[in-house]
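Student: Sharing a model prediction with you, sequence too.
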Amino acid sequence: MQTKLDTQFAFPSELITAHQEIPIPEGFGKSVGETIDKKQFHIADQPVLYTAHLHKILDWLHRLEQPSPLEKYPCEIPVLLYDSTLSFDHLLFHYDGSPASAKIIKHFLYLFSDNLHESKATIISPAFIPKSKLKEEQEIIQEVTNCTSETSFIKFNFNRIGDFWSYAVNHQVTMLVTTKNNQADLAKVLFHFYKGGLWYEKLSFYLAL
């Protein structure tokens, strides 16, 4: 009998690796592809992060007639999809003004604190934020600034994950941090652009709730 944890991903579970260390150790980007955890889906392992090679996930997606969500049962454990390399050089944070969005960014900073000292960060926030959210927005900017070497803050009315993906590709971002609520739309974007002329193989995706 399979558990919910075993079946939460729409793609084959052997494509996923679980990680238990907090914070994620320095140099993680160089070693992630070599990390294999044979006990990855045991509930007792209590992973803090799942990683998967994006190329393998996309090959799986392209065997389907229609793009599928990456997870059947989105859970609290973040998923990091990396392509040819995993780099923290240029981070793109998707802040939408919600407490959940702030939580995702803060947890990312907590998990990868030892890997971000030399990182350049860009935060994209909606053009309009209610006054009640301005304090939280400033706190997010300050926390990102404290963890990275350079931080930019931009106001854009991006409503689709494709907008963030396009910005990331055009500005050579190496990691997009966003919510798992976008994973179905992200799967569609990746499904249609994989191996196309706009593909950027240094872009990784960090998805969380």
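Tutor: It's in. Numbers count the residues shown, from 1 in each chain.

Student: for this protein, what spans make up the helices?
Tutor: 4-7, 28-31, 54-61, 99-111, 131-147, 161-170, 183-193 (DSSP state H).

Student: Please dump those into a markdown table; it should also carry mean pLDDT and mean neighbour count for every row.
Tutor: From N, CA and C alone the C-beta is placed, and that goes for glycine too. A markdown table is the format used below for the helices of the chain (pLDDT from 0 to 100; neighbours: other C-beta atoms under 10 Å):
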| stretch | mean pLDDT | mean neighbour count |
| --- | --- | --- |
| helix 4-7 | 44 | 13 |
| helix 28-31 | 84 | 16 |
| helix 54-61 | 87 | 18 |
| helix 99-111 | 96 | 18 |
| helix 131-147 | 95 | 15 |
| helix 161-170 | 94 | 19 |
| helix 183-193 | 85 | 18 |
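
Student: of those, which approaches residue 69 most closely?
Tutor: Shortest distance between residue 69 and the helices of the chain, using C-beta to C-beta, is found for helix 183-193: 4.4 Å.

Student: Could the C-alpha coordinates of that closest one be exported in CSV?
Tutor: These are the backbone C-alpha positions of helix 183-193, laid out as CSV (Å, rounded to 0.1, in the frame of the first residue of the first chain):
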residue,chain,number,x,y,z
GLN,A,183,3.0,24.8,-10.5
ALA,A,184,0.3,23.8,-12.9
ASP,A,185,0.8,26.9,-15.0
LEU,A,186,4.6,26.5,-14.7
ALA,A,187,4.3,23.0,-16.0
LYS,A,188,2.5,24.3,-19.1
VAL,A,189,5.1,27.0,-19.7
LEU,A,190,8.0,24.5,-19.4
PHE,A,191,6.1,22.0,-21.5
HIS,A,192,5.7,24.4,-24.4
PHE,A,193,9.2,26.1,-24.3
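
Student: Packing partners of it?
Tutor: helix 54-61, helix 161-170, strand 204-208 (3 or more C-beta pairs under 8 Å, 6 or more residues apart in numbering; DSSP states H and E).

Student: rewinding a little: right, so of the helices of the chain, which gets closest to residue 74?
Tutor: Taking C-beta to C-beta, helix 183-193 is the member of these nearest to residue 74, at 7.0 Å.

Student: Excluding residues flanking it in the chain, which one is nearest residue 111?
Tutor: residue 24 (5.2 Å; C-beta to C-beta, 6 or more residues apart in numbering).
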